[in-house]
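Engineer: Sequence first, predicted model second:
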Amino acid sequence: MNIQRSTPITIARYGRPRNKTQDFEELSSIRSIEPSQSFSPNLGSPSPPETPNLSHCVSCIGKYLLLEPLEGDHVFRAVHLHSGEELVCKTMATLERWPAASSASYPGDIVLERAVLQVGLNVFDIGCYQELLAPCFCLPAHKNINQITEIILGETKAYVFFERSYGDMHSFVRTCKKLKEEEAAKLFYQIASAVAHCHDGGLVLRDLKLRKFIFKDEERTRVKLESLEDAYILRGNDDSLSDKHGCPAYVSPEILNTNGSYSGKAADVWSLGVMLYTMLVGRYPFHDIEPSSLFSKIRRGQFNIPETLSPKAKCLIRSILRREPSERLTSQEILDHPWFSTDFNVSNSGYGAKEVSDQLVPDVNMEEDLDPFFN
């Protein structure tokens, strides 16, 4: 990983305003969409890189062009000036938004020292972004976790570059309505592998959901965890947490039932169960427009599994979505489940009665944070 300093240069471009309904992130909210439609931005010609006709001000930072925003005002499509390679750039404000972190040392060749640098009239606190990126530095690389390719320190922001992606799992499931077991098994194994690697490395992810996993290839056969921004670094073997934030549809019963601590790893596993169910069935196991009703259903831990799923798939879902945290499989035990070794060419002859054809990942926004519901 390369870390350097640079100052962004703004390149003003004027033209028609962007049609927001075609934004990369907003594809998940479009109800009628062709399955063959691509979720990836138009790459254009690799040399020279294309810059869209937007009212957005294109910036040059180091050897990269920052093009249109992909998510809010902090995630941008980026293009390498020399190679034309497309990446994703996340900007992190280090001057005002976050408190300074303490001194930190990380494995490998990266050692970040606490420092405050005076740049013109701005004070750049290196410790501000150390805390946010600490999980990335303390965890060994894994093929199913998005890796930082470069960090550029600006005057008031850190520019963090990642490899580009080809859409997220939430949008993919909505487009497909639901996945066949063979496809779901291949994708979910990669998802569980990423979570198991984090747990083995002393990280709890806390805010797991389908949208956090993105595709590495256009064929959408390889997935990776988008980032570790919400991860919590454990101190020792104790994985007890007390904070309550995350996506309501994926939250575990114990988080709703207790004012004390809970097992962070077990809560992550519950979220994995919600993800698997949604991939196979096409809807959340617990769903309601009203948060209070949704939380009541989650607390009871009762859900229905369609008879169209195979016995092994049902077994895995029930082994994960256990109301009692201690009864759930661990992330590593999930990887050893026999469902992943099923010969789907033989077993996919159909189970139970006819399928339900109108099941969809809900159109209602269930991706909001839990915090407002606990205030």
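Structural biologist: Noted; the coordinates are in hand.

Engineer: so what's residue 335 up against?
Structural biologist: Residue 335 sits next to 189, 192, 193, 196 when contact means CB atoms under 8 Å, 6 or more residues apart in numbering. In this view, the C-beta of every residue, glycine as well, is placed from N, C-alpha and C.

Engineer: which residue packs closest to residue 64, ignoring adjacent ones?
Structural biologist: Nearest residue to residue 64 in three dimensions, chain neighbours excluded: residue 78, at 4.8 Å (CB to CB, 6 or more residues apart in numbering).

Engineer: Point me to the helix or strand that includes residue 275.
Structural biologist: helix 264-281 (DSSP states H and E).

Engineer: For the closest residue to residue 264 other than its chain neighbours, give me its contacts.
Structural biologist: In this structure, residue 264 finds its nearest non-sequential neighbour in residue 204, 3.4 Å apart by CB to CB, 6+ apart. Residues near residue 204 by CB under 8 Å, 6+ apart: 198, 231, 232, 234, 239, 241, 264, 265, 267, 268.

Engineer: Which pair in these has the greatest spatial separation?
Structural biologist: 198 and 241 (14.0 Å; CB to CB).

Engineer: Settle it for me: which of those two has more neighbours?
Structural biologist: Neighbour totals were compared for residue 198 and residue 241, and residue 198 leads with 24 against 17 (other CB atoms under 10 Å).

Engineer: Let's verify that one: helix, strand, or coil?
Structural biologist: Recorded secondary structure, residue 198: helix (DSSP: H, G, I helix; E, B strand; the rest coil).

Engineer: Okay, it and residue 144: tell me how far apart.
Structural biologist: Taking CB to CB, to the nearest Å as the measure, residue 198 falls 10 Å from residue 144.

Engineer: Mind listing the shared neighbours of those two?
Structural biologist: With contacts defined as CB under 8 Å, 6+ apart, the residues shared by residue 198 and residue 144 are residue 225.

Engineer: Which of the contacts of residue 335 ranks first by neighbour count?
Structural biologist: Neighbour counts for these (other CB under 10 Å) peak at residue 192, which has 24 neighbours.

Engineer: Correct me if wrong, but that residue is in a helix.
Structural biologist: Yes. Residue 192: assigned to a helix according to three-state DSSP.

Engineer: That one against residue 272, yeah?
Structural biologist: Yes. Using CB atoms under 8 Å, residue 192 is in contact with residue 272, at 6.1 Å.

Engineer: shared neighbours of those two, anything?
Structural biologist: Common contact partners of residue 192 and residue 272 (CB under 8 Å, 6+ apart): 331, 334.

Engineer: Report the secondary structure state of residue 162.
Structural biologist: strand.

Engineer: That one contacts residue 147, correct?
Structural biologist: Yes. Counting by CB under 8 Å, residue 147 is a contact partner of residue 162 at 7.2 Å.

Engineer: Between these two, which is the more surrounded one?
Structural biologist: Taking other CB under 10 Å, residue 162 and residue 147 do not tie; residue 162 has more neighbours (20 against 12).

Engineer: If that one is in a bridge, with which residues?
Structural biologist: Legend: beta-bridge partners of residue 162 under DSSP bridges are residue 88, residue 148.

Engineer: So which elements touch the host helix or strand of residue 292?
Structural biologist: Assigned by DSSP H and E, residue 292 belongs to helix 291-300. Counting contacts by 3 or more CB pairs under 8 Å, 6 or more residues apart in numbering; DSSP states H and E, helix 291-300 packs against helix 253-257.

Engineer: which residues touch the closest residue to residue 184 other than its chain neighbours?
Structural biologist: What sits nearest to residue 184 in space, not counting adjacent residues and going by CB to CB, 6+ apart, is residue 279, at 4.6 Å. Residue 279 makes contacts with 169, 173, 178, 179, 184, 187, 188, 210, as judged by CB under 8 Å, 6+ apart.
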